[in-house]
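Chemist: how would this look folded up:
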Amino acid sequence: MVDDAQRHRLRTTFEDVAELYDWARPTYPASLFDDLLTEAGLSAGSRVLEIGCGTGKATVDLAARGLEITCVELGAQLAEIARRNLAPFADAEVVTTDFETWDAGDRCFDAVVAFTAFHWLDPDVAYKKVRQLLGGDGELAIVTTDHVRGDPEDPFWAAVQPDYVELGVSDDERPPPHPEDVADLRAQIDAGGLFLTTTVRRYLWDVSYTADEYIAVLDTYSGHRAVDDETRAALYARIHARILAAPGGAVRKTYLATLNVARCV
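Modeler: Residues are numbered from 1 along each chain as shown. As a prediction, this is how the structure comes out:
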């Protein structure tokens, strides 16, 4: 379990590799964005707040669907890249600050969305503030992303876990979970009594990585960024060698995105 101090420290690590983050991180399936708009009752011109947009990996897809978007991003370099990526869209704004202390003035939104970012917030503050920004009549959409076992499963994932354990990066030798074993956010969202979950949808997709490409992705993960330089370099060397030795010199990673949509109570 990550405590408040760790959460605040880890959520700033992406700023150190902002350009790499923009290049290496995948976006989300198009069907997820289409479903989000349908389930949240959004259309061109709807006012949307995105929490933690990063470099705009999801924001560009939302803006392309005609939404009027305000993004709140903690990292200055990440926010600057997001502005660059969103330059073609006149109705997209990026504010550099943390969501918990952001003063929205009298703004009110039709929806608040977060893509693989909501877990970095203090939940005691976040849900209450989102509820206020929706004015009691709007939708909250949270997307979580997990690494899961594919079908068929790439044997690389079971083989690589001992490297993490031997180097002291992890004490868990288990491979990624099966998709059906990954929980959604329904219980968490509904627990506070401010929102009621109306939709949960799941999306699976595969991404194939060369050794260099996968190391680049790993280097954007907060858990890897938090490891000391010497250990991180040793881990990356082992992983790089494993992928080079794999069939085709590549590894296949299966992602699970879970869309949680909730309405104000």
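
Chemist: The helix or strand hosting Tyr255 pairs with which strands, parallel or anti?
Modeler: For Tyr255, the element it lies in under DSSP states H and E is strand 250-264. Sheet partners assigned to strand 250-264 using DSSP bridges are listed as strand 139-148 (antiparallel), strand 195-210 (antiparallel).

Chemist: for Tyr214, helix, strand, or coil?
Modeler: Put simply, Tyr214 is helix when judged by DSSP: H, G, I helix; E, B strand; the rest coil.

Chemist: ignore the last one, Thr27
Modeler: Each residue gets one of three states, and Thr27 gets coil by three-state DSSP.

Chemist: shouldn't it be in contact with Thr59?
Modeler: No - Thr27 is not in contact with Thr59 according to CB atoms under 8 Å; the separation is 9.9 Å. Yep, even glycine has a C-beta here, placed from its N, CA and C like the rest.

Chemist: hang on, the earlier thing: can you mark which positions in the strand holding Tyr255 are buried?
Modeler: Of the residues in strand 250-264, 250-263 count as buried by neighbour count, 16 or more other CB atoms under 10 Å.

Chemist: same thing with stretch 197-209?
Modeler: Using 16+ other CB under 10 Å as the test for burial, stretch 197-209 gives Thr197, Thr199, Arg201, Arg202, Tyr203, Tyr209.

Chemist: Out of these, which is nearest to Ala76?
Modeler: Tyr209 (28.7 Å; CB to CB).

Chemist: out of everything not next to it in sequence, what's closest to the closest one?
Modeler: Spatial nearest neighbour of Tyr209, excluding adjacent residues (CB to CB, 6 or more residues apart in numbering): Val251 at 5.4 Å.

Chemist: same check, this time on Gly41
Modeler: Nearest non-adjacent residue to Gly41 (CB to CB, 6+ apart): Glu139, at 6.6 Å.

Chemist: bridging residues for that neighbour?
Modeler: Beta-bridge pairing for Glu139 (DSSP bridges): Ala111, Arg263.

Chemist: who touches it in this structure?
Modeler: By CB atoms under 8 Å, 6 or more residues apart in numbering, Glu139 lies in contact with Glu39, Ala40, Gly41, Leu42, Asp110, Ala111, Val112, Val261, Ala262, Arg263, Cys264.

Chemist: Could you measure from it over to Thr59?
Modeler: According to CB to CB, to the nearest Å, Glu139 and Thr59 sit 17 Å apart.

Chemist: What of Asp16?
Modeler: For Asp16 relative to Thr59 (CB to CB), the value is 21 Å.

Chemist: what about these two, which has more around it?
Modeler: Thr59 (26 against 13; other CB atoms under 10 Å).

Chemist: Hmm, Cys71 and that one touching each other?
Modeler: Yes - contact criterion CB under 8 Å: Thr59 and Cys71 qualify, at 5.8 Å.

Chemist: Contact partners for Leu36?
Modeler: Leu42, Val113, Ala141, Val143, Leu259, Val261.

Chemist: Can you tell me which of these lies closest to Ser222?
Modeler: Closest approach between the contacts of Leu36 and Ser222, by CB to CB: Val143, at 17.2 Å.
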